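J.: Okay, sequence plus prediction incoming.
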Amino acid sequence: MSRWVPIAAAVLVAAAAIWFAGSGAGRPDTLEERAQVVAAGLRCPVCQNLSVADSPSRLAGEMRGEIRARLADGETEDEVRAYFVERYGEWVLLEPTRRGLNLVPWLFPLVAVLVGVGVWAFVIRRRPPTGEEEPTEADRPRVAAELAGLEDVP
Amino acid sequence: MVVAAVVLPIVAFALLLATGLGRDPRSVPSELVGEPAPTFDLPRLGEEGSVDLAALRGQVVVVNFWASWCLACRDEHPALDEAWRRYRDRGVVVVGVDFEDTEEAALAYVSEMGGDWPLVTDPGSRTAIAYGVFGVPETFVIAPDGTIAAKTIGAVTYAWLTEHIDAALRSGEGR
């Protein structure tokens, strides 16, 4: 019974973490923080693999200005992101939206685990015993004789 | 059976890589072709006044993003100049939007390269962002109905300009 205790503890910790993440604690509040979050998710068009938040380029700075101006005008973070996607395409999002074919990287590991469990359950568990068992008392003399014979081999 | 279990995933993975790696990771299809052109009303470079795209509705407009520091812009300059001189009497307007530049450098470039089509500055690059500009040069052809008819990245050629300007002019006649 006691072996369930660590599992129950792990489940509790995970549930608490999910609740905390979803409760809004630590969410950005100020305009600058919200702009920073949007900028961190957008790809800088004139850089190689840098976000708009991280890039020191002039265009990235101006894109941060555009983000701030749009948030200050009352647009939501999603509306600002949509503005950039309309102009630069899905390319501009550092994390593609989770729908359609984009779901493959997220679902593939889950599918792989399920297939693995299936293989284990239907193939490995049903394999007949291989016969590698402890020798019975009746076998002892023969085992001893065989082992003695092995030692004679150079 | 075992061979198939090993070979099939490898073949599938190789096919996945082949399709993905065969694409150019830098080629970005434009989202804007066929969409209404973002409006702008931008100050003229080095002179009074502004160019208001809304006032040019009904005309074919070539919007060219350029910069004085951009080498490909030097390559395309003669093509723009030739297209501007050929089509200006037919109501086609070329507008050069200066991108990430200083007014001083831009004016020096213009006096060196020539060309008398309207040039504007883009404070804060807001218009460049609205057009989804990645870098210069980029050129858009806007049809008389105000939608973006074509876009090209890199030095524009005279052949590309005539093809898309002619098509945009025809689309205006059919209305």
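T.: On my side now, so go ahead. Keep in mind it's a predicted model, so treat the numbers as computed, not measured.
J.: May I have stretch B:92-106 exported as PDB, CA atoms only?
T.: C-alpha atoms of stretch B:92-106 as PDB (Å, rounded to 0.1, in the frame of the first residue of the first chain):
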ATOM      1  CA  VAL B  92       0.400  54.600 -62.800                       C
ATOM      2  CA  VAL B  93       2.200  56.000 -59.700                       C
ATOM      3  CA  VAL B  94       5.400  54.700 -58.200                       C
ATOM      4  CA  VAL B  95       5.900  55.500 -54.500                       C
ATOM      5  CA  GLY B  96       9.300  54.800 -52.900                       C
ATOM      6  CA  VAL B  97       9.000  54.200 -49.100                       C
ATOM      7  CA  ASP B  98      12.400  54.800 -47.400                       C
ATOM      8  CA  PHE B  99      13.100  52.000 -44.900                       C
ATOM      9  CA  GLU B 100      15.300  52.200 -41.800                       C
ATOM     10  CA  ASP B 101      17.300  55.100 -43.200                       C
ATOM     11  CA  THR B 102      18.400  58.700 -42.400                       C
ATOM     12  CA  GLU B 103      17.000  61.600 -44.400                       C
ATOM     13  CA  GLU B 104      20.600  62.800 -45.200                       C
ATOM     14  CA  ALA B 105      21.700  59.400 -46.600                       C
ATOM     15  CA  ALA B 106      18.500  58.900 -48.500                       C
END
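J.: That one and chain A, are they touching?
T.: Yes: Stretch B:92-106 is in contact with chain A by C-beta under 8 Å from any C-beta of the partner chain, via B:E100. C-beta here means a position set from N, CA and C on the backbone, and glycine is covered the same way.
J.: So which bits of chain A are right by chain B?
T.: Contact residues (C-beta under 8 Å from any C-beta) of chain A with chain B: A:45-46, A:58-59, A:62-63, A:65-66, A:84-89, A:91.
J.: List the ones among those that fall in helices.
T.: A:R58, A:L59, A:E62, A:M63, A:G65, A:E66, A:F84, A:V85, A:E86, A:R87, A:Y88 (DSSP state H).
J.: Narrow the residues you listed to just the buried residues.
T.: Buried members of those, scored by 16 or more other C-beta atoms under 10 Å in any protein chain shown, are A:L59, A:E62, A:M63, A:E66, A:F84, A:V85, A:R87, A:Y88.
J.: The third one and A:A40 touch, don't they?
T.: No: counting by C-beta atoms under 8 Å, A:M63 does not reach A:A40; the two are 11.9 Å apart.
J.: The residue of chain B found nearest chain A: neighbour count?
T.: With C-beta to the nearest C-beta, the shortest gap between chain B and chain A falls at B:G132, namely 3.4 Å. Neighbour count of B:G132, defined by other C-beta atoms under 10 Å in any protein chain shown: 23.
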